[in-house]
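J.: structure for this input, please:
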Amino acid sequence: MKSLNLWEMSKVETIEEFYKRKFDWMPDNIRNEIGHFNVFKLDPFVGDKAQPVPYKRRDYFKIMLVIGYSKVHFADTVVEVQKQALSFSNPQIPYKWEHLDKIRSGVFCIFDQHFFHQYGNLNQYSVFQPGGQHVFELTDEQVDQVNSLFQRMFEDINSDYIHKYDLLRTIVFELIHFALKMQPSEKFDKQPINASQRISTLFLELLERQFPIDDNHQSVKLRSATDYAKQLNVHVNHLNRAVKETTDKTTSQIIAERILQEAKILLKHSAWSVSEIAFALGFTEATHFNNFFKKHVQLSPVKFRNV
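T.: Numbers count the residues shown, from 1 in each chain. Alright, predicted model coming up:
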């Protein structure tokens with residue numbers, strides 16, 4: 001199997017690399033005891049040296065207001081922004097933007113997990129979860145509301161107020177809840193916190209830790225319901241009942257869907273051969289992977305890659 005270091009997607013861009021790529025300078029004390037936070041204007045994507053942002057993960061969070069047409073890739077999903085949108089990205093999910101030359105303006109903030117240390121777990125919010133909504137198309141009125149929050153960020157970060165970073169955290173939470181309130185309320189209704197829910201949540205978290213395939217996870221280790229049950233120290237039948245009760249899907253179905261999602265990502269965004277992808281996803285034979293993929297997509301992996 002080829003070295004993962006040769007694959008651009010597996011490289012995680014650090015905050016330091018972001019500053020070097022974007023501005024060719026580095027702020028003082030970029031990583032300090034309170035974590036890192038900064039806010040920027042999104043300049044139009046123009047100029048002879050302008051290069052597309054590559055498809056990869058970052059080690060920081062980013063919230064962006066984009067004015068103009070563009071496309072954003074999250075995992076195997078492509079979201080088209082027709083006019084203007086608020087987007088959320090995080091260290092777990094690789095992404096890239098297309099048609100940046102058509103973005104007229106915008107603003108964005110970046111921050112690391114340590115900036116919210118002891119202030120809450122950002123991963124509990126669906127805008128930062130693998131299966132959540134990450135891009136929200138906005139009306140003109142909503143753009144004004146979101147833009148006013150970012151303007152407060154600029155004012156606070158440039159002030160001498162001793163507790164300004166507390167204010168900035170508050171504004172980040174306002175942006176998160178602004179987006180969450182745009183989602184249908186039924187998504188959040190009737191979510192009983194019981195034993196089945198806890199087991200199902202632990203299973204889904206353990207499943208997601210297997211991905212993306214990169215330097216830290218060169219291949220999938222847990223492939224069956226039994227594998228996950230052993231890790232969670234529960235009987236496989238107990239796990240299957242809990243998952244079925246809370247998701248209305250079987251454990252095997254959810255595992256297969258996540259494997260399929262990662263297969264699509266690897267086929268579209270890596271130069272690996274089908275055999276290498278099959279091995280990384282836990283298939284002992286490339287033919288098994290071919291049959292699995294064709295069953296779910298009605299295309300062979302090679303045809304899907306070339307579409």
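J.: Lys71 belongs to a strand?
T.: Yes. Secondary structure assignment places Lys71 in a strand (DSSP: H, G, I helix; E, B strand; the rest coil).
J.: state the distance from it to Gln113.
T.: 27 Å (CB to CB, to the nearest Å). All C-beta atoms are positioned from the backbone trio N, CA, C, and that covers glycine.
J.: over to Ala85?
T.: Taking CB to CB, one finds Ala85 at 24 Å from Gln113.
J.: just the element for Ile213, please.
T.: Ile213 is part of no helix or strand when elements are defined by DSSP states H and E.
J.: how many neighbouring residues does it have?
T.: For Ile213, the tally of surrounding residues (other CB atoms under 10 Å) stands at 23.
J.: that one contacts Ala263, correct?
T.: No. Ile213 lies out of contact with Ala263 (CB atoms under 8 Å); the separation is 9.8 Å.
J.: now for the nearest residue to Leu266 once chain neighbours are set aside: which residues touch it?
T.: Nearest residue to Leu266, sequence neighbours excluded (CB to CB, 6 or more residues apart in numbering): Ile277, at 4.7 Å. Residues near Ile277 by CB atoms under 8 Å, 6 or more residues apart in numbering: Ala263, Leu266, Leu267, Ser270, Phe289, Pro301.
J.: also Asn290?
T.: So Asn290 contacts Val274, Ala278, Ser300, Pro301 (CB under 8 Å, 6+ apart).
J.: quick one on the thing from earlier: how close does the residue nearest to Leu266 get to Asp140?
T.: From Ile277 to Asp140 the distance is 44 Å (CB to CB).
J.: and the residue positioned nearest the centre of the chain, which of the three is it?
T.: Centroid-nearest residue in the chain: Ile93, 2.7 Å away (criterion: CA atoms, centre = their mean). Following three-state DSSP, the label given to Ile93 is coil.
J.: and the residue of the chain most remote from its centre, how far is that from Phe37?
T.: Largest separation from the mean C-alpha position in the chain: Asp160, at 33.7 Å (CA atoms, centre = their mean). Relative to Phe37, Asp160 is positioned 16 Å away (CB to CB).
J.: I'd say Lys164 and Ile157 touch.
T.: Yes. Assessed by CB under 8 Å, Lys164 is found in contact with Ile157 at 6.5 Å.
J.: run through the stretch 1-150 of the chain and note the low-pLDDT ranges.
T.: Applying pLDDT under 70 to the stretch 1-150 of the chain flags residues 1-12, 29, 31, 43-57, 75-76, 100-101, 130.
J.: can you give me the helices for it?
T.: Along the stretch 1-150 of the chain, counting by DSSP state H, counting those that start in this stretch, helices occupy 15-22, 140-157.
J.: and of these, who's closest to Asn233?
T.: When the helices of the stretch 1-150 of the chain are compared by CB to CB, helix 15-22 sits nearest Asn233, at 37.1 Å.
J.: what comes up buried for stretch 207-214?
T.: Buried residues in stretch 207-214, counted by 16 or more other CB atoms under 10 Å: Leu207, Glu208, Gln210, Phe211, Pro212, Ile213, Asp214.
J.: in CSV, list those along with pLDDT and distance to Tyr228.
T.: CSV is the format used below for those (pLDDT from 0 to 100; distance: CB to CB, whole Å):
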residue, pLDDT, distance to Tyr228
Leu207, 86, 7
Glu208, 81, 12
Gln210, 80, 10
Phe211, 78, 14
Pro212, 71, 18
Ile213, 72, 18
Asp214, 61, 21
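J.: now these as a markdown table including distance to Asn147?
T.: As requested, the buried residues of stretch 207-214 are arranged in a markdown table below (distance: CB to CB, whole Å):
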| residue | distance to Asn147 |
| --- | --- |
| Leu207 | 38 |
| Glu208 | 33 |
| Gln210 | 39 |
| Phe211 | 34 |
| Pro212 | 32 |
| Ile213 | 38 |
| Asp214 | 35 |
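J.: alright, calling it a day.
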